[in-house]
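# Requesting a structural model of the entry that follows:
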Amino acid sequence: MAATETKAKKKWFPVLARGAAIELGKIPAFESNALMGRTIQTNLSFLTKDPKKQSVNVKFRITEVSQNDATADIYSYELIPSFIRRIIRKGKEKLDVSFTSATKDAIKVRVKLLLVTKIAAKGSVNKELRKKVQELITDIIINGTYEDFIKKIISNKIHRDVKATLSKIYPLSLFEVKALKRL
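As a prediction, the model looks like this:
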């Protein structure tokens, strides 16, 4: 007769967002150590309870594990592509800006920005907008920590300040952080 083997059952571990008492979800695993480095994706409107933020997905990476739960940090922020398509219209100018920078606490991030002008603009104006927005955002990143930068993006403080500054160069209908990734 063959000996019967007992299979270990997976347990469900809750994943909590760092700095907030919000449960992001539950992940199955045989043991808690297997959770390190795994990711979980959620919609920003779920976290902030703000339906205006439903066009943003946020990815978390598990960085700390205890016996019963796991703690995760934000490592990616991105706009949903359908939102971008819905915003762009004929007669408007879409500008994409992408660059990497390091925060005050030495965390490298890749930032992708989206600017939409109210009407089509000339190449020299577009160049000036790209240059100015990169200067503004780089200054914010260098002078703050990664956590502060994420909080400013989620609260739309950066969006308001940058849009007000850039609208002096050329009228903008939209300024958004299209993607942010921790490197």
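
# Listing request: residues of this protein with sub-threshold pLDDT.
For the chain, residues meeting the criterion pLDDT under 70 lie at 1-4.

# Not including adjacent chain positions, what is the nearest residue to the residue nearest the centre of it?
In the chain, the centroid-proximal residue (C-alpha atoms, centre = their mean) is Tyr77; its distance is 1.6 Å. Excluding the flanking residues, the one nearest Tyr77 by C-beta to C-beta, 6 or more residues apart in numbering is Leu180, at 4.2 Å. Heads up, the C-betas are built off the backbone N, CA and C, glycines and all.

# name the element the one you found belongs to?
strand 172-182 (DSSP states H and E).

# what's around Ile22, how many residues?
For Ile22, the neighbour count with other C-beta atoms under 10 Å is 14.

# isn't it right next to Leu47, touching?
Yes. Assessed by C-beta atoms under 8 Å, Ile22 is found in contact with Leu47 at 5.9 Å.

# which helices and strands sit right next to the strand or helix carrying Lys151?
Secondary structure assigned from DSSP H and E places Lys151 in helix 146-154. The contact analysis (3 or more C-beta pairs under 8 Å, 6 or more residues apart in numbering; DSSP states H and E) places helix 146-154 against strand 70-79, helix 123-142, strand 172-182.

# Let's have those in JSON lines, adding distance to Ser101.
Formatted as JSON lines, the helices and strands packed on helix 146-154 follow (distance: least, C-beta to C-beta, whole Å):
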{"stretch": "strand 70-79", "distance to Ser101": "15"}
{"stretch": "helix 123-142", "distance to Ser101": "5"}
{"stretch": "strand 172-182", "distance to Ser101": "11"}
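
# Between those, which one is closest to Thr117.
strand 172-182 (5.8 Å; C-beta to C-beta).

# Show me the contact partners of the closest one.
Outside of strand 172-182, the residues within contact range by C-beta atoms under 8 Å, 6 or more residues apart in numbering are 73-79, 84, 87, 92, 96, 107-118, 129, 133, 146, 150, 153, 158-159, 162-163, 166.

# Leaving out chain neighbours, which residue sits closest to Glu31?
Nearest one to Glu31, counting by C-beta to C-beta, 6+ apart, is Lys11 at 8.0 Å.

# Phi first, then psi, for that neighbour.
Main-chain torsions, Lys11, degrees, to the nearest 10: phi -110, psi 150.
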